[in-house]
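Engineer: dropping the sequence and predicted coords here.
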Amino acid sequence: MLADSGYAGEPITLMAAQDMAHHKVWGDVTADLLKRLDMKVDFAAVDWGTVVARMQQKSPPGQGGWQMTVFSLLWHRECRPDQQISTCRRQCLREWLGE
């Protein structure tokens, strides 16, 4: 099924802040699950400031960019459970990161 999705074995860059306990655990679990799915994971275990700075990168993962991260917001007035996750993600990124 993974091959059918277009995944060709390239490393997936996952960032997780290690100085925030819930982000660290969430990142560890996510990396483990991806590896169990036979995905190659480039796990960037960094501090929260680096996650925030790197999230703004538009570069490819091998040049400082990223593909996945774990983070949480307390709640956002525009991100409602009845909305699609992609819509919520786009709006949160646009407002939070200025995209």
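Structural biologist: Nice, I can see it. Residues are numbered from 1 along each chain as shown.

Engineer: whichever strand or helix holds Met15 pairs with which strands, and in what direction?
Structural biologist: According to DSSP states H and E, Met15 maps onto strand 12-17. If you go by DSSP bridges, strand 12-17 pairs up with strand 41-46 (parallel), strand 68-69 (parallel).

Engineer: could you give the separation of the helix or strand following it from the chain centroid?
Structural biologist: Downstream of strand 12-17, the first helix or strand assigned by DSSP H and E is helix 21-36. Averaging C-alpha positions (Cα atoms, centre = their mean, to the nearest Å) puts helix 21-36 11 Å from its chain's average.

Engineer: highest mean neighbour count out of the strands paired with strand 12-17?
Structural biologist: Most buried of the strands paired with strand 12-17, by mean neighbour count (mean count of other Cβ atoms under 10 Å): strand 68-69, with a mean of 19. C-beta here means a position set from N, CA and C on the backbone, and glycine is covered the same way.

Engineer: residues making contact with that one?
Structural biologist: 12-16, 30, 51, 55 (Cβ atoms under 8 Å, 6 or more residues apart in numbering).

Engineer: which one of those is nearest to Gly65?
Structural biologist: Thr13 (7.1 Å; Cβ to Cβ).
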